[in-house]
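Q: From the sequence below, what's the structure:
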Amino acid sequence: GTASRMAPYRNVKWVAGSQPIPGYSIGGHIHFSNIELNAALLRALDNYIGIPVFLIENQETAIKRRRKYGYIGDYRLKDYGGFEYRTPGSWLVSQEIATAVICLAKIVASCYPSLSRNYLNNVAAQKAFYSGNQAYFRPSFLSIWADIQNTDLYDLYAEELQALYTMIMDGTCWDEKMDFRKTWKIT
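A: Okay, here's the model as predicted:
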């Protein structure tokens with residue numbers, strides 16, 4: 001509502017993704033509070049949020065964004081005592097994707113001790129991540145998803161997570177050119 005009142009113009013497009021407009025990178029920062037940042041949590045965020053979001057990003061623009069932003073393990077401490085996880089691109093492209101990412105973040109933050117896989121701990125994986133090689137990580141996705149499904153919270157968010165799972169399994173990437181007022185049904 002507030003954003004619509006501030007920018008009610010028809011010639012303004014609301015976009016999300018990695019770099020929907022050349023030269024302007026957008027991050028999908030996820031803010032956390034009431035949880036202590038540690039290496040195990042950051043590893044889980046990278047492997048259980050960073051990789052799944054990577055698999056639906058437009059890699060052409062994601063590669064450009066990662067020249068400055070969105071590194072593996074990218075975070076910033078905040079003055080409210082929490083932190084923001086900064087690796088993914090802006091996942092606000094649709095309400096379904098945004099809801100899935102937020103639900104996934106809740107699961108990872110709550111269950112990270114049991115989410116211990118690390119697919120990003122070698123040079124080949126890091127090169128694949130920074131070069132946008134989604135094919136490198138696709139074979140790992142079902143193991144990543146199985147770990148998520150085995151958490152105590154999965155059943156609570158299974159319906160919301162389905163959109164993300166379907167996109168990854170179908171090899172679908174988000175549309176950064178779409179005005180997300182349409183996908184969010186904002187008038």
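Q: pLDDT-wise, which helix or strand of the protein ranks last?
A: helix 2-6 (a mean of 50; mean pLDDT, DSSP states H and E).
Q: what pLDDT, on average, does the helix or strand following it get?
A: As assigned by DSSP states H and E, the chain's next helix or strand after helix 2-6 is strand 30-32. Strand 30-32 shows a mean pLDDT of 92 in the predicted model.
Q: in strand 30-32, what counts as buried?
A: Across strand 30-32, burial judged by 16 or more other CB atoms under 10 Å covers 30, 32. Placement of C-beta: from N, CA and C, glycine included.
Q: ditto for stretch 54-73
A: 54-59, 61-66, 69-72.
Q: Single out whichever of the residues you listed has the smallest pLDDT.
A: Lowest pLDDT among these: residue 61, with 66.
Q: Which parts of the protein are strands?
A: Listed in chain order, the strands found in the chain under DSSP state E are 30-32, 75-77, 83-85.
Q: so where's the protein uncertain?
A: Scanning the chain for pLDDT under 70 picks out 1-28, 61-62, 174-187.
Q: Could I get the full set of helices for it?
A: 2-6, 39-45, 51-54, 59-65, 95-111, 123-131, 134-149, 154-170, 180-183 (DSSP state H).
Q: from these, which stretch is densest packed?
A: Highest mean neighbour count of the helices of the chain: helix 51-54, a mean of 25 (counted as mean count of other CB atoms under 10 Å).
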